[in-house]
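>>> Sequence first, predicted model second:
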Amino acid sequence: MDSSELKGKVAVVAGASQGIGEEIARLFARNGAKVILLARKADRLAAIVAELKAQGLEAFAFPMDVSVTAKWDELASWIKQQQWTWDILVNNAYWRTQTPIGEVSDADWDRTLAVSLKAYFLGARAAIPLMLAGDGGRIVNISSLQSRIPEPSFGAYAIAKAGIDSLSRVLARDYSPRIRANTLISGAVDTPGFAEGDEVKIELGRRLPAGRIGRASEIAETALFLASDRSSFITGTELVADGGRSIT
């Protein structure tokens, strides 16, 4: 159920043009946050923001490549110009190549690490000063079960995601209790980025204790929990939402 538990909070959501990021942005807005949506797809961001504003919600598009330091600096400056706090950061962007690790090119390796790991560091680094200048903050880093159970040919992506898991622990050690940082490890979720057909999704779901793959809305609800006061005693940890895949 939607509420106002994020009322008055400013939440930045990276990778918000589709899938999990879009669902998180929508849910946070419905729960009272001012939501700033980040992604490279300016037209898609504009459409989502227009829809949210039509519902009387507060949402703002900030098109950017999250792997570029200068873009994060621009975002932090813009937030300060609005005289807002920066209360919540959800790092969610990713890029991956499906290639055996011994065949990954330098370019694919660099791009995977830039978007799927470095961008998370850049986002946290940009947010920390503004969070510390206010009442503190919450950082939710969206990771993947690939970090624990890598599938064949997803090595570069799995390595990047494992780095995200460590980043949350490092952030928590350096900045708790002012800033809580946690990783949300997602299993297979039905999103536009999950390219397999319906039959594959159904068969994969049958192998999970949950009996199906996840929905983006379920990951969004878990992110809301980590960004809210309901998880006030949780920091530096990994919350796994994978339909039971970890125990199979």
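Received the coordinates, thanks.
>>> pLDDT-wise, which helix or strand of the chain ranks last?
Least confident helix or strand of the chain, by mean pLDDT, DSSP states H and E, is helix 198-206 with a mean of 75.
>>> CA-only coordinates of that one, as CSV, when you get a sec.
Taking only C-alpha atoms (Å, rounded to 0.1, in the frame of the first residue of the first chain), the coordinates of helix 198-206 have been written out as CSV:
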residue,chain,number,x,y,z
ASP,A,198,7.9,-16.2,-22.1
GLU,A,199,8.5,-20.0,-22.2
VAL,A,200,12.0,-19.6,-20.9
LYS,A,201,10.7,-17.3,-18.1
ILE,A,202,8.0,-19.9,-17.1
GLU,A,203,10.5,-22.7,-17.1
LEU,A,204,13.0,-20.7,-15.1
GLY,A,205,10.3,-19.9,-12.6
ARG,A,206,9.3,-23.5,-12.2
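>>> Show me which positions of that helix end up buried.
Buried positions in helix 198-206, judged by neighbour count with 16 or more other C-beta atoms under 10 Å: K201, L204, G205. Heads up, the C-betas are built off the backbone N, CA and C, glycines and all.
>>> cool, and stretch 147-159?
For stretch 147-159, by 16+ other C-beta under 10 Å, it's S147, R148, P150, S153, F154, G155, A156, Y157, A158, I159.
>>> from these, which is closest to R178?
For these, the residue nearest R178 by C-beta to C-beta is S147; the value is 26.4 Å.
>>> Contact partners for the closest one?
S147 makes contact with A158, K161, A162, I164, D165, I185, according to C-beta atoms under 8 Å, 6 or more residues apart in numbering.
>>> One more pass at 10 Å, please.
157-166, 183, 185, 238 (C-beta atoms under 10 Å, 6 or more residues apart in numbering).
>>> cool, and D87?
Contacts of D87 by C-beta under 10 Å, 6+ apart are 6, 8-12, 33-34, 127, 130-131, 134-138, 227.
>>> So which of these are in helices?
Judged by DSSP state H, the contacts of D87 include A127, L130, M131, A227 as members of helices.
>>> If we ignore the residues flanking it in sequence, what's nearest the third one?
What that stands for is M131. Leaving aside its sequence neighbours, M131 sits nearest to G137 (C-beta to C-beta, 6 or more residues apart in numbering; 3.2 Å).
>>> What of the first one?
Closest residue to A127 apart from its sequence neighbours, by C-beta to C-beta, 6+ apart: L89 at 4.5 Å.
>>> Mind listing the residues bridging to the one you found?
L89 forms beta bridges with V12, I139, as assigned by DSSP bridges.
>>> number of nearby residues for it?
L89: 29 surrounding residues under other C-beta atoms under 10 Å.
>>> so how far is I179 from it?
Here L89 is placed at a distance of 9 Å from I179 (C-beta to C-beta, to the nearest Å).
>>> Common neighbours of the two, please.
Both L89 and I179 are contacted by A124, A127, I128, M131, G137, R138, I139, under the criterion C-beta under 10 Å, 6+ apart.
>>> Might one say that S144 is in contact with A158?
Yes - under the criterion of C-beta atoms under 10 Å, S144 makes contact with A158 at 7.6 Å.
>>> Next, show the common contact partners of the two.
In contact with both S144 and A158: R96, S116, P150, E151, using C-beta under 10 Å, 6+ apart.
>>> what's the most distant pair in these?
Of all pairs in the shared contacts of S144 and A158, the most separated under C-beta to C-beta is S116 and E151 at 15.0 Å.
>>> Now do the contacts for the residue sitting nearest the centre point of the chain.
Centroid-nearest residue in the chain: N92, 2.5 Å away (criterion: C-alpha atoms, centre = their mean). By C-beta under 10 Å, 6+ apart, the contact list for N92 reads 13-16, 19-22, 24-25, 38-39, 66, 119-120, 123, 140-143, 184, 186, 219, 223.
>>> All set now, cheers.
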